[in-house]
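Pasting a predicted model and its sequence here:
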Amino acid sequence: MNNEKDKHANNVVNHMMHHDLFSQWLGIEVVEIKEGYSKIKMTIRPEMINGLGIIHGGVTFSFADSAFAFACNNRNNLSVALDTSINFLKPVHVNDVLIAEATEIHNGKSTGLYHIHIKNQHDHNVAVFKGTCYRTGKTLI
């Protein structure tokens, strides 16, 4: 961690993860947190697969949404999703390891815009997520 802001961002995300039972169930591991940025990873388990033998789209969406939440909330300004979208680019299979990287595009007083790129263990793009958040002005910790 480079500075106090990044240390604070990590404290906020640690607090979020402690209370985020769904992200815990997904098996998400926080890899890196910086102010306005997050990088997380998870391994695909058999119960995450749909009837076509590939990851259920909702799992990929939820994974990206967690990266989005960690990036947009880590300044300790409670932020909620206002608009989100995802594009699925390649299929994901059991035992694939996904990495999501959330990058802040805009940090406004009342809104924020984030792009989340999801790659597999072969560094192939498997999905792209875009999220706009609304900043409530309340704190998390």
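Good, I have the coordinates.

For stretch 64-83, which residues meet the burial criterion?
Within stretch 64-83, the residues that count as buried by 16 or more other C-beta atoms under 10 Å are 64-75, 77-79. All C-beta atoms are positioned from the backbone trio N, CA, C, and that covers glycine.

Just the endpoints, please. Distance across that stretch?
Chord length of stretch 64-83, first to last residue, is 13 Å (C-alpha to C-alpha, to the nearest Å).

before we move on, what about stretch 113-124?
Using C-alpha to C-alpha, the two ends of stretch 113-124 sit 24 Å apart.

how far is that stretch from where the chain is centred?
10 Å (C-alpha atoms, centre = their mean, to the nearest Å).

Also stretch 66-76?
8 Å.

Other residues contacting that stretch?
5, 8-10, 12-13, 16, 20, 22-23, 26, 28, 30, 33, 35-40, 79, 81, 84, 100-104, 112, 114, 116, 129, 131, 133, 139-141 (C-beta atoms under 8 Å, 6 or more residues apart in numbering).

Among those, which ones are in helices?
Judged by DSSP state H, these include 5, 8-10, 12-13, 16, 22-23, 26 as members of helices.

quick one, what contacts D65?
Applying C-beta under 8 Å, 6+ apart, the residues contacting D65 are 81, 84, 129, 131.
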